[in-house]
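Structural data only, the sequence is not supplied:
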């Protein structure tokens with residue numbers, strides 16, 4: 001199961017034009033618990049007012065309300081996505097709410113240049129498992145975080161336990177609808193670049209929140 005940037009961009013450009021279907025997919029992936037997981041993940045960032053946070057794979061801006069609440073008008077959100085369709089929707093969301101502290105970047109997360117030690121935190125929700133070059137992307141985020149800052153990842157992976165029987169069925173479905181690769185071990189890659197990582201799993205291991213802290 002090979003992921004490529006071009007096919008992923010086409011999929012997410014399409015999802016950007018159909019936000020209702022995109023919301024349904026996220027709801028389905030989390031078995032209806034998406035909002036609870038999202039709040040738990042973003043609060044784990046411990047971002048403060050006036051700080052700078054990276055929303056990697058920002059999609060249509062679903063994380064913006066909670067991030068804005070955390071950093072305030074004096075803070076800054078860097079919204080990065082490789083899908084122009086998703087970024088267009090994210091910009092509309094920001095404009096509609098009057099959020100002027102968001103910098104939008106269309107780029108491949110595995111190749112983007114982020115200044116070292118420039119971020120107070122980073123979040124990635126349902127993106128690493130659907131992008132190629134995630135190892136390079138995680139490495140770049142780790143370098144860009146300030147000492148003591150955290151990367152928080154909310155994502156999906158293969159079921160464990162009895163739920164494993166669903167992997168061969170749901171894997172191909174979400175591959176074609178979200179570019180997802182359930183065989184990818186994103187957690188192992190996070191541990192490769194961060195020494196301090198805490199992982200909480202939900203829904204028979206299908207969903208997880210990983211909190212990775214950069215040591216000084």
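Nice, I can see it. This structure is a prediction, so every number in the text was calculated from the model and none was measured.

List the pairing partners of the longest strand seen in the chain within its sheet, with orientation.
For the chain, the strand that runs over the most residues, judged by DSSP state E, is strand 145-156. Sheet pairing of strand 145-156 (DSSP bridges) gives strand 119-125 (parallel), strand 207-213 (antiparallel).

Identify each buried residue in whichever helix or strand residue 43 is part of, please.
For residue 43, the host element (DSSP states H and E) is helix 34-44. If you call a residue buried by 16 or more other C-beta atoms under 10 Å, then helix 34-44 has these buried ones: 34, 37-38, 41-42, 44. Any C-beta I mention is one placed from the backbone N, CA and C, and that applies to glycine too.

Check the gap between the residue nearest to residue 50 when sequence neighbours are not counted and residue 129 for me.
Among residues not flanking residue 50 along the chain, residue 74 sits closest, at 4.4 Å (C-beta to C-beta, 6 or more residues apart in numbering). When distance is defined by C-beta to C-beta, to the nearest Å, residue 74 is 33 Å away from residue 129.

got the end-to-end distance for stretch 66-75?
With C-alpha to C-alpha, to the nearest Å as the measure, stretch 66-75 spans 13 Å from end to end.

circling back: pick the most buried one from the strands paired with strand 145-156.
strand 119-125 (a mean of 25; mean count of other C-beta atoms under 10 Å).

thinking again about what came up before, can you lay out the buried residues of helix 34-44 as CSV showing pLDDT and distance to residue 145?
CSV is the format used below for these (pLDDT from 0 to 100; distance: C-beta to C-beta, whole Å):
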residue, pLDDT, distance to residue 145
34, 89, 25
37, 94, 22
38, 95, 21
41, 95, 16
42, 94, 16
44, 94, 14
